[in-house]
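*Asks:* can you look at this prediction? I've put the sequence above it.
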Amino acid sequence: MEAVLTATAIGKRFPGVVALSDVDIELLAGEVHALVGENGAGKSTLIKVLTGVYAPDGGTLTYRDRAVHFGRPQDAQAAGISTVYQEVNLVPLQSVASNLFLGREPRTRFGLVDFREMHRRARELLGSYGIDVEVTRPLRTLGMGVQQMVAVARAADTGADTKARVVILDEPTSSLEPREVGTLFGIVERLKADGVAVLYVSHRLDELYRICDRVTVLRDGRLVHNGPMAELPRLRLVAMMLGRDLEEVRRDGATRFDGERTAADAPPVLDAIGLTAKHRLDGVDVTVRPGEIVGLGGLLGAGRSETAMAIAGALPLDSGMVMVAGKRLRTGSVGAAMRAGVVLLPEDRKADGILPELSVRENIVLAALPRLSAAGVVSRRRQDAIVATFMRRLRIKAASPDQRVGELSGGNQQKVLLARLLCTRPKVLLLDEPTRGIDVGAKAEVQALVDELAAEGLGVVLISSEFDEVVEGSDAIVVLREGRVVANLAGAEVTEPALLAALAEEGE
Amino acid sequence: MAEATVAPPRRTTGTRAWLRDNGVYAAIVVLLVYDLAFTENFATLANLDTQLVQVAPILIVALGMALVIGTEGVDLSVGSVMAIAAAILPLYLGYGIAAAIGLALVAGALCGLLNGTLVAVVGIQPIVATLALLVGGRGLALVFANGQLKDIRNADLLRLGSGTLLGLPLVVWIAAALAVLVWLLVRYTTFGRQLVAVGGNRSASMLAGLPVRRVLMLTYVASGVLAAIAGVVATARLTASDPSAIGSLYELAAITAVVVGGTPLSGGRVRVLGTVAGALLMQLITATLIKHDLPDSTAQIVQAAIIVVAVYLQRTKAGGR
Amino acid sequence: MTATEQAHTLEDAAAHGAGTTRAEWLAALVQRRGSIVVLALVVLVASFSFDSFATVGNAQNVAIQSSFLAIVALGMTFVIISGGIDLSVGSVYALGGVLAAWGIQYGSLVGLLLPLVVCGAIGLLNGALVAYGRLAPFIVTLATLLGARGLLLAITDEGSTTRLMPRDDWLTEVGQGTFLGLGIPVWITVVLFAIGVLVLQRTRFGHATFAIGGSREAATLMGLPVARNTMLLYVASGLLAGLAGALAAAYSASGVTIVGEGLELEAIAAVVIGGTLLTGGAGTVGGTLAGVLLLRVIQNVINQIGTLSSHYQSVVSGAFLALVVAVQAYLSRAYLRGRR
């Protein structure tokens, strides 16, 4: 098989971050190539380099035996490299046919859009993939699955003269039903048979092994493996994604978590039962006792963040209930959860956490404002006292409480958010990636702090894509896959091999 | 996805940031110096009074607008709310000035409640939600007033419009007091801090358990009440209730004052002092041009240019989008 | 497959299947045809209630009164479908009228072209600032609203001069003349709307406009010329507002300086009542026409009710607008709930 697109020694850095360093990837005609890696591995950056969104700082792209340089995404598209993004990038209010042909609609000799021809060609195109759908219907009236197929069909058929040679599918199945996945795979097989190179990005191991021929694994912006999919054992794949050496797995970890914590047999402070939200969660149970840290295990997209959000009232549930210290919580309300003592440290610090324009003080007291106020006026004295306490206790490094949070380092921003939660005197802390994107020193501090809080009797739910952090930090681990609990590890079972095994286990 | 967030942060350059934050004050100083030196009949007490009295109702409306814009919204209905307040005033003056003003303010609060409900509960974009009341409100005011201009003869109300305190018109004192009040509200109250948070990052506010809907609702109510106060003040000044003309195009003047004063349209920040300065600057420009026999038309074109410059200066701050 | 999973699939099938479709269908119908249905009802009721309503003369009256607003609203429809807004049209409309009345002294052609050139240029400025400067359309067009009004005042001695247009000029006759019983501006409106339907529904430009409003990001990723297209929309909006102003001036044979204040609001109201989503991405030119007619018929009906103050007209328009957007918001929320 010939190589269609080859990237050699690609490097890409952003201020303060090396996103890609010396990465090679080779896509062959008629193969499905898996691209895997956890958060921050550099998958998105690599895709953006391949599709002309970013210009690489170093390395070369060879497309059909010629060195190429795509200045804009349109250039890559015109050359025959198409991308289907994770969130369907189509226009939901427009018809299926319009979405397939936007920008290249067939026209009559008067220059007007030829609807009959467009609909005919749309039917033909979708029919050839075995998709039976009324092409005049607005896209949004169709299920996510069909929308995804339409996106793939559009990507594969870039126009009459330029056939797609490379199709990049970024998490194409994340919102699909099982039967829809089957249809999608049919399309992928078709593309493969047509000699198209498919780059397939997914975290669902079952899918990767079902459909992919070769695999490239990235970790922290570096290439860690590439080779035939079938020759790579699941356990090794997972270990590589997580940056663990199988041989080293049993060695002592390097985190600041102190494993010696004994959770009392006290009644649970948090008991979430049967959390279910369409497409996201399916009957998830999580129980946390006072002083216990329960980790949520799982690969990206397994439903860890969703579980935390559901417990914190930030994700509406179809069914399920949350008990806090024996009292049933009104679900779907952040305020109610917070008053009951359940607080969430959101995964995306910038989008859902900090208010960068406001001061450290304002950010810390935000959630506790009503408690710090008398007759609606914020008491400066009580506010300053609490801010001083937490800045000291969490060792928040800021010039003064008046400094803008946007100017702080990531680690200090995270501590500010933690302080915001602690101000509300919580019983249960839900920490979603508490140490992501912060420097090593701050990381250790945060880990030690979480330990300390648990020791004081708080219940903690911990989500982390850092493998050792979950294993060493947690007293028990609830392992999730595709929104379902697949394993519960407790006590002596909380080990890296056990978690790896649970993650790599084949789905039914 | 994670990579997208580490894209190069757009830092505003020092000069631009300074201009954005202090440009309006600098412009006022420059213009004042120029006026004092070169503009005849400018530095007189009478002129000062005139300018301040003219700007007072605009400023009062702009204070409410600044709050709404701080939540990433906009309130187009303020001019019509002024008209409603003006129309209600003479109807109840018979029961005493307090009752009449009280009812006018209640009407303003109800208007704000309507806007707030449409925005916070029904989930309509602020522009359209408040457009409905802009269109319908003035008609309603005219219906209340039977389409007529009514002269105000109530001595108390007239005193409100023309009286002075310590040499400055009462109207100016009212505007100044409200400015201080709103400043305190934004800075020191739970509501004010929550308002800024909701405007700065709605999803973070939601996750921090803030009562987002209630905050939005109250913000529009505040804007409605302030517009009603402006309507009362303007009526008292005019010595007549003129629902067909009062407050016309005030929404534009108020938005201009807020934007020129450095409050970003993207929300998350309320600059009360800047808004006061913005209103004063626009008034000063018009006055200066008029004193130099340059017509209203020039003033409007200059104002248009200033708006664009102000928004342009803010653009980079909002992330260049 | 586990039991819960099966239940899920069934639930999904129900949600994705017939139920949603019918709700969708109903929502789409209300959205697209609601204004026409209400218009028909109002006309029907008014015809039976007032002898003077269903007369040829009154119909001609409503038609000509609608035409100027309709032309402005046509441009606004495109802009709103693309997810933008153009607040400057009221001022531009007035400016167009004054320029026509001023330019006609140098010849009829100047009287026609001058407003188009100047108003098109204002549209170009709007478009450039919005599409390439990436400034908020709301504030950009607010600034040009002021700027255009300033320009208008500048050429009319601060609004004190009202220039008359010679009665015998052909441009004036375009405004005042009739053809088959309807005013020529009405026919021009009809032609422009026909073109508008074609452009919106049957050209790549129109389809791209929908796409930009539906999802600007998707449109960009699909390689559509987003910036250029956006700019052209504002140019078109400026041109149409200027043309409407020139026609209105010709109709009244004078460049009245005070017209057009608040016209942008009426235009936006008509567009939204006509079923175009203010968030962009969906809308019809026909709905806008129905929206305009509805506003004007309400005005006409309230005038017919002698006892009712004419001020109720804007109250009704405002209430109607609020109702329409509330229903829109409700429908799209109900839809989202079904989808999730």
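*Replies:* That came through, no problem.
*Asks:* name the SS class of the closest residue to chain C within the stretch 51-200 of chain B, please.
*Replies:* Chain C sits closest to B:G136 of the stretch 51-200 of chain B, with a gap of 2.0 Å, by Cβ to the nearest Cβ. Placement of C-beta: from N, CA and C, glycine included. Of the three states, B:G136 takes helix under DSSP: H, G, I helix; E, B strand; the rest coil.
*Asks:* in the stretch 1-150 of chain C, where is pLDDT below threshold?
*Replies:* Counting by pLDDT under 70, the stretch 1-150 of chain C shows low-confidence ranges at C:1-32.
*Asks:* so what's A:A67 closest to, chain neighbours aside?
*Replies:* A:T60 (5.8 Å; Cβ to Cβ, 6 or more residues apart in numbering or on different chains).
*Asks:* same question for C:A253.
*Replies:* If the residues on either side of it in the chain are set aside, C:A253 comes closest to C:M165, at 4.7 Å by Cβ to Cβ, 6+ apart.
*Asks:* what helices or strands is the strand or helix carrying the residue nearest to A:A67 leaning on?
*Replies:* Assigned by DSSP states H and E, A:T60 belongs to strand A:58-63. Other helices and strands packing on strand A:58-63, by 3 or more Cβ pairs under 8 Å, 6 or more residues apart in numbering or on different chains; DSSP states H and E, are strand A:3-14, strand A:66-68.
*Asks:* next helix or strand past the longest one?
*Replies:* Moving toward the C-terminus from strand A:3-14, the first helix or strand encountered (DSSP H and E) is strand A:17-28.
*Asks:* the helix or strand following that following strand pairs with which strands, and in what direction?
*Replies:* Going down the chain from strand A:17-28, the next helix or strand is strand A:32-36, by DSSP H and E. Using DSSP bridges, the strands paired with strand A:32-36 in its sheet are strand A:197-201 (parallel), strand A:214-219 (parallel).
*Asks:* now strand A:32-36 - C-alpha only, CSV.
*Replies:* Included here for strand A:32-36 are C-alpha records, laid out as CSV according to Å, rounded to 0.1, in the frame of the first residue of the first chain:
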residue,chain,number,x,y,z
VAL,A,32,-7.8,2.7,8.9
HIS,A,33,-5.2,4.3,11.2
ALA,A,34,-6.0,4.7,14.9
LEU,A,35,-4.7,7.8,16.7
VAL,A,36,-4.9,7.4,20.4
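*Asks:* hmm, who's touching that strand?
*Replies:* A:25, A:27, A:43, A:46-47, A:188, A:192, A:197-203, A:208, A:211-218, A:229, A:237, A:241 (Cβ atoms under 8 Å, 6 or more residues apart in numbering or on different chains).
*Asks:* thought C:V130 was touching C:Y234, still the case?
*Replies:* Yes. With contact defined as Cβ atoms under 8 Å, C:Y234 and C:V130 form a contacting pair (6.3 Å).
*Asks:* show me what counts as buried in stretch C:164-180.
*Replies:* Across stretch C:164-180, burial judged by 16 or more other Cβ atoms under 10 Å in any protein chain shown covers C:M165, C:D169, C:L171, C:T172, C:V174, C:G175, C:Q176.
*Asks:* phi and psi next, for the spatially most central residue of chain B.
*Replies:* Centroid-nearest residue in chain B: B:A62, 0.9 Å away (criterion: Cα atoms, centre = their mean). Note on B:A62: its backbone torsions stand at phi -60, psi -30 [degrees, to the nearest 10].
*Asks:* and the helix or strand hosting B:N115, how far out from the chain's middle?
*Replies:* In the assignment (DSSP H and E), B:N115 maps to helix B:97-116. Centroid separation for helix B:97-116 versus its chain: 17 Å, with Cα atoms, centre = their mean, to the nearest Å.
*Asks:* show me which residues of chain A are close to chain C?
*Replies:* A:73-74, A:77-78, A:83, A:85, A:89-94, A:98, A:102-105, A:107, A:111-113, A:115, A:138, A:140-143, A:177-179, A:276, A:278-279, A:282-283 (Cβ under 8 Å from any Cβ of the partner chain).
*Asks:* mind checking which of those residues are buried?
*Replies:* By 16+ other Cβ under 10 Å, the residues of chain A next to chain C give A:73-74, A:77-78, A:83, A:85, A:89-94, A:98, A:102-105, A:112-113, A:115, A:138, A:140-143, A:177, A:276, A:278-279, A:282-283 as buried.
*Asks:* just these: which are in helices?
*Replies:* Among those, the members falling in helices (DSSP state H) are A:P73, A:Q74, A:Q77, A:A78, A:S98, A:F115.
*Asks:* correct me if wrong: A:P316 contacts A:A277.
*Replies:* Yes. Applying Cβ under 8 Å, one finds A:P316 in contact with A:A277, separated by 6.8 Å.
*Asks:* between these two, tell me which one has more neighbours.
*Replies:* Higher neighbour count among A:P316 and A:A277: A:A277, with 21 against 14, using other Cβ atoms under 10 Å in any protein chain shown.
*Asks:* residue of chain A nearest chain B, please.
*Replies:* The minimum distance from chain A to chain B, using Cβ to the nearest Cβ, falls at A:M338 (3.8 Å).
*Asks:* quick one: the helices in the stretch 101-250 of chain B?
*Replies:* B:126-144, B:155-162, B:170-188, B:190-200, B:202-207, B:212-238, B:250-260 (DSSP state H, counting those that start in this stretch).
*Asks:* ditto for the stretch 1-150 of chain C
*Replies:* Shown for the stretch 1-150 of chain C, the helices assigned by DSSP H, counting those that start in this stretch span residues C:3-16, C:18-49, C:56-81, C:89-103, C:108-127, C:137-154.
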